[in-house]
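Enquirer: got a sequence here, can you build the structure:
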Amino acid sequence: MSTAQAKLPDHQVCEQARLSRDARFDGLFFTAVTSTRIYCRPVCPAPPPKPSNVRYYANAAAAEADGFRPCLRCRPELAPGHPAWRRGEHVVARALEIIDDGALSEGSLDAVASRVGVGGRQLRRLFVEHLGTPPLSVHTTRRLLFAKQLLTETALPVTEVALAAGFGSLRRFNAAFAQANRIAPSELRRHPRALDAHHALVLRLSYRPPYDFDGVLDFLRTRALPGIEQVDEHAYARVFGPAEAPGWLRLSAWPGGEHALRLELHCPQPDRLLAVVTRLRRMFDLDAEPQAIGATLGADGGVLVPLLHRRPGLRLPGGWDGFEIAVRAVLGQQVSVAAARTLAARIVERWGQPLAIPALPGLGRLFPAAERLVDADLREVGVITARAQTIRGIARALLDGRADFRAGQSLDAFVAHWTALPGIGEWTAHYMAMRALSHPDAFPAADLILRRAAARDGSELSTRALSAMAESWRPWRAYAVMHLWRSVADQAPPARKRA
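Expert: Coordinates of the predicted model:
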């Protein structure tokens with residue numbers, strides 16, 4: 001058994017999950033069948049093969065590296081990502097975030113390795129050890145599976161599919177796709193899909209159940225910025241740049257109870273499609289594993305246990321853009337969510353970039369870029385002097401490279417860089433890490449609502465006491481934050497809900 005296979009769930013667990021088609025294990029392993037040379041998700045509807053013909057792999061890239069091709073029925077491209085290797089502090093997890101961010105499309109493996117503090121050879125060895133395949137194979141498999149989804153679910157021309165998957169040459173795309181799938185891209189187009197009524201692509205974004213989509217919408221609804229976002233009871237919609245060719249998106253539950261969200265996406269630049277989908281998967285926390293998170297958070301039998309039972313699918317809502325989250329975090333220092341939203345809306349109205357033609361009704365502005373706020377007098381819209389200076393300092397730090405929101409940063413390094421700036425304390429830096437990086441262990445321990453919610457008796461824990469309590473919640477402390485905030489919101493009268 002290889003080292004990568006040793007990282008799989010127990011063999012008997014894999015067998016039981018495969019035979020019962022347990023969606024909770026979707027993306028946690030893949031089943032390869034030696035007699036057909038095809039690999040599948042554990043939820044595949046095909047008749048189960050003989051156990052003697054089955055091999056298990058921790059990821060799709062490892063299966064493809066051993067010569068298996070993706071199943072056309074269960075479609076491995078739809079499987080949620082493996083949470084253990086998509087977020088966190090491990091070198092492999094951080095490198096995968098950087099690769100997901102497109103670093104290998106134009107950059108080198110050595111550059112990725114440098115960002116996570118190791119050499120290129122060592123990073124390759126770690127990938128083979130933990131994932132069973134080198135970084136370039138992971139990168140290539142990811143692009144080809146995304147291309148397969150676009151070919152299967154949309155009417156996008158093959159040339160644009162190649163661009164969307166990161167291939168600058170149609171010839172190279174056709175060759176790579178045929179080698180991986182034993183089928184030409186055009187053969188998946190026997191039944192072309194139509195665009196929806198808004199001339200948008202429609203894509204399926206799968207998740208691992210349970211998933212509290214209503215909870216994510218509730219969180220985002222109270223923070224939605226007019227002109228940029230719209231959140232109703234059923235969907236999240238947003239406009240995104242660039243201003244000269246804006247796009248828009250709308251996410252809602254997939255009909256029929258399928259474990260997926262329905263993405264309607266209009267993106268005029270095909271080469272940005274994968275980046276947009278990757279950002280949405282992070283923002284809506286679609287690759288989380290609720291079982292693992294719940295087992296850790298509830299292990300001490302403490303304050304989180306009843307909250308986990310109440311909302312087992314609660315997720316960590318991210319943000320669309322790091323600078324936008326940073327501005328809103330500063331505006332939210334020691335004030336209510338509603339007050340911070342009001343100030344942010346004024347900033348958008350005053351400095352946001354209007355679109356010549358609204359992308360969707362009511363969505364006609366972009367959040368101002370750092371260049372537009374670096375010298376702006378935010379006091380004009382009611383921002384107090386100290387916070388206005390902090391926001392300008394954030395914009396300046398981003399422009400001169402002293403701080404950033406790049407993928408793959410360790411939590412400690414991120415917090416250290418940002419708290420070095422005037423006006424940014426631990427609370428703000430950890431909140432930014434939660435929302436902008438979707439870091440699963442970010443923990444703004446000084447938060448007053450957290451300290452009250454964790455006390456359970458109406459008192460207020462000290463920051464030190466709450467930090468000590470939260471040690472057993474690592475590496476999922478950000479999910480504990482969401483459960484505690486939500487518990488307060490669920491108990492508060494509607495007009496006073498803050499979390």
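
Enquirer: let me see the domain layout of this structure.
Expert: Split into domains by automatic domain parsing, the chain comes to 3-71, 84-189, 288-318+439-499.

Enquirer: give me every residue that touches the closest residue to Gln291 other than its chain neighbours.
Expert: Using CB to CB, 6 or more residues apart in numbering and skipping the chain neighbours, the partner closest in space to Gln291 is Arg24 (6.0 Å). To be clear about C-beta, it is placed using only N, CA and C from the backbone, and glycine gets the same treatment. Arg24 makes contact with Ala17, Arg208, Pro209, Pro290, Gln291 under the criterion CB atoms under 8 Å, 6 or more residues apart in numbering.

Enquirer: can you tell me the SS state at the first one?
Expert: So that's Ala17. Of the three states, Ala17 takes helix according to DSSP: H, G, I helix; E, B strand; the rest coil.

Enquirer: and it, how close does it get to Asp271?
Expert: 37 Å (CB to CB, to the nearest Å).

Enquirer: those two - which one has more neighbours?
Expert: Ala17 (21 against 17; other CB atoms under 10 Å).

Enquirer: so what's the more buried one up against?
Expert: Ala17 makes contacts with Pro9, Arg24, Phe25, Phe29, Pro42, as judged by CB under 8 Å, 6+ apart.

Enquirer: which pLDDT value goes with it?
Expert: Looking at Ala17, its pLDDT is 95.

Enquirer: please apply the same query to Pro192.
Expert: Note on Pro192: pLDDT of 52.

Enquirer: what are the ranges of the helices in the stretch 301-450 of the chain?
Expert: 305-310, 322-331, 337-351, 370-373, 385-400, 411-419, 426-436, 448-455 (DSSP state H, counting those that start in this stretch).

Enquirer: switch those helices over to CSV; also include mean neighbour count.
Expert: Converted to CSV, these look like this (neighbours: other CB atoms under 10 Å):
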stretch, mean neighbour count
helix 305-310, 14
helix 322-331, 24
helix 337-351, 18
helix 370-373, 16
helix 385-400, 18
helix 411-419, 17
helix 426-436, 24
helix 448-455, 19
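
Enquirer: adding mean pLDDT and distance to Pro361, write the ones you listed out as TSV.
Expert: TSV is the format used below for the helices of the stretch 301-450 of the chain (pLDDT from 0 to 100; distance: least, CB to CB, whole Å):
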stretch	mean pLDDT	distance to Pro361
helix 305-310	96	36
helix 322-331	98	22
helix 337-351	97	17
helix 370-373	97	25
helix 385-400	97	30
helix 411-419	96	37
helix 426-436	97	27
helix 448-455	95	35
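
Enquirer: do you know how far the residue of the chain most remote from its centre is from Glu129?
Expert: Residue farthest from the centre of the chain, counting by CA atoms, centre = their mean, is Ser52 at 36.7 Å. Distance of Ser52 to Glu129, computed by CB to CB: 28 Å.

Enquirer: go on, Thr31?
Expert: Plainly put, Thr31 is 22 Å away from Glu129 if you go by CB to CB.

Enquirer: show me which of the two is the more surrounded one.
Expert: Thr31 (27 against 14).

Enquirer: tell me the confidence at the more buried one?
Expert: At Thr31, the model reports a pLDDT of 97.

Enquirer: continuing past the helix or strand hosting it, what's the next helix or strand?
Expert: Assessed by DSSP states H and E, Thr31 sits inside strand 30-33. As assigned by DSSP H and E, the chain's next helix or strand after strand 30-33 is strand 38-40.

Enquirer: name the residues that touch the helix or strand just after that next one?
Expert: Using DSSP H and E, the helix or strand that follows strand 38-40 in sequence is strand 54-57. Contact with strand 54-57 is made by 4-5, 8, 11, 14, 18, 29-34, 39, 63, 66, 132, as judged by CB under 8 Å, 6+ apart.

Enquirer: partners of strand 54-57, with directions?
Expert: Strand 54-57 has the following sheet partners, assigned by DSSP bridges: strand 30-33 (antiparallel).

Enquirer: having no further points to raise, I will conclude here.
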